[in-house]
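Predicted model, plus sequence, below.
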Amino acid sequence: MLTLFRLTAAALLAAAATAQSYSAPNGTLGPDAEGKYEIFAEGIRGLFIPYGASIANLFINDTNGIERDIVLGFDNASHYSVDQFHPHLGGVPGRYANRIKNSSFVIDDVEYHVTPNENQGKDTLHGGLDGWDYRNFTVVAHTTDSITFSIVDPDGKEGFPGEVVSYITYTMTPNTWHIKMVALATTKKTPIMLSSHTYWNLDGFANPDTPTALNHSIHLPYSGQRVGVDGILIPDGTILPNQKYSVNDFWSAPKQVGANHTAPELLGNCGTNCTGYDNCYLVNRAQNGPYDWRTAGPVATVESEWSGISLNIFTDQDAFQVYSCGGQNGTLPIKSTQGIDDRPRVVEQYGCLVLEVQDWIDAINQPEWQREKKQVFGPGDEPYVLEAAYEFSVKS
């Protein structure tokens, strides 16, 4: 294993050196006039930017053959760094996604403190004030169907121990967007948990009947449990059942996101005084014995009856966060490729869904969950790896 580590480390560091000097020569692929890099395959095309290794546009034809841009973002890549209040649009949160209780954790009896950035300093969200999705990655490679970004996260950045080298690769095959994230701790043991923080609206905000995503249905066939949290969404150590027919039951059958929106128990489900969803659902596939995540069936299926677009999400990860955008308030604009003319061009409350493939949230502060091998990495360890495939189809 040590030999494999050395080979992996050497390859990553060599690629990092290449990344520092990468530019798109004349006559080869590079960014468009808006600063975006396009990749495509049959039935799908996406535009990506170095800022946060973010997806900025994703185009799928709907049931009527009309191309819909189904993810949130900005029209121009330069706006991401200008608008520092954007809600992690389409980026890779790191080096530790989701929340860290008390902005601290312990590794080998050493307590580390990272930069708090939420709830009056009570926790750290998505890696801190200058997390990965607020930084510019380097474009290492770009072809017509694939792009790879890299980042070198230095020792001590945001308070995290050790250097981390990471590569994010996005690839398109017919009707499918593939993600592979690799991260290597080169100097010290450190927490690593990544995700894709993409905001979805499968109608492209063009449904004349509603500006929201409450009409989208979700099916989480392996998720009969979720992580229990307190009022500011910090895990409290409990694992809760998603009882059949309860507001969090997306496992027994597909259900529209808004189906239970008037149910009293939905109030507080996404935090104090919050109605909706911001929940970490566990993915329980081991009950079926050994499995290949690529063929075992999707961990989530999301559909819009209006557009006819259906999304199956396959992943090697063991948890799945669903956020129903209850925090949106009409101040975030949609893109010129989205919406309809007779409605405000903004994201209204519940206008989107965030669907995050990841591991159990804040497990670095819940040692009894025994997730250390999944979330803490050091020199000599295998790299952290996340893979996912977003497979689209359209109802005729």
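Nice, thanks for sending it over.

Which strand residues bridge the nearest residue to Gly330 once chain neighbours are set aside?
Setting aside the residues directly before and after it, Gly330 is nearest to Val346 in space (C-beta to C-beta, 6 or more residues apart in numbering), at 4.7 Å. Heads up, the C-betas are built off the backbone N, CA and C, glycines and all. For Val346, the beta-bridge assignment (DSSP bridges) gives partners Pro333.

so Asp362 makes contact with Ala97?
No - applying C-beta atoms under 8 Å as the test, Asp362 and Ala97 come out as separate, 10.2 Å apart.

I figured Asn248 was touching Gly228, is that so?
No - the pair Asn248 / Gly228 is not scored as a contact, 11.0 Å apart, by C-beta under 8 Å.

intersection of neighbour lists for those two?
With contacts taken as C-beta atoms under 8 Å, 6 or more residues apart in numbering, Asn248 and Gly228 have Leu240 as neighbours in common.

how about the residue nearest to Gly330, what does it touch?
Listed by C-beta under 8 Å, 6+ apart, the contact set of Val346 reads 330-334.

how close does it sit to Trp177?
Shown here: Val346 relative to Trp177, a distance of 26 Å by C-beta to C-beta, to the nearest Å.

where along the stretch 201-350 of the chain do the strands fall?
Taking DSSP state E, counting those that start in this stretch as the criterion, the stretch 201-350 of the chain carries its strands at 217-219, 225-229, 235-241, 255-256, 278-282, 300-303, 309-315, 319-323.

Out of the ones you listed, which gets nearest to Asp108?
Each of the strands of the stretch 201-350 of the chain was checked against Asp108 via C-beta to C-beta, and the shortest separation belongs to strand 235-241, namely 21.4 Å.

quick one: average pLDDT of stretch 257-275?
Mean pLDDT, stretch 257-275: 98.

Can you tell me what sits against that stretch?
212-218, 229, 231-233, 246-248, 276-279, 323-324, 326, 350, 353.

Send me it as CSV with only the CA atoms.
C-alpha atoms of stretch 257-275 as CSV (Å, rounded to 0.1, in the frame of the first residue of the first chain):
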residue,chain,number,x,y,z
VAL,A,257,-41.1,17.9,-2.3
GLY,A,258,-44.2,20.1,-1.4
ALA,A,259,-46.5,17.2,-0.6
ASN,A,260,-46.3,17.7,3.2
HIS,A,261,-45.7,21.4,3.3
THR,A,262,-48.7,22.1,5.4
ALA,A,263,-47.9,19.3,7.9
PRO,A,264,-47.2,20.7,11.4
GLU,A,265,-44.2,18.4,11.8
LEU,A,266,-42.4,20.0,8.8
LEU,A,267,-42.0,23.1,10.9
GLY,A,268,-38.5,22.8,12.4
ASN,A,269,-37.5,20.0,10.1
CYS,A,270,-34.8,22.1,8.6
GLY,A,271,-33.8,24.0,11.8
THR,A,272,-35.5,26.3,14.2
ASN,A,273,-38.6,28.1,12.7
CYS,A,274,-37.7,26.6,9.3
THR,A,275,-40.3,24.7,7.2
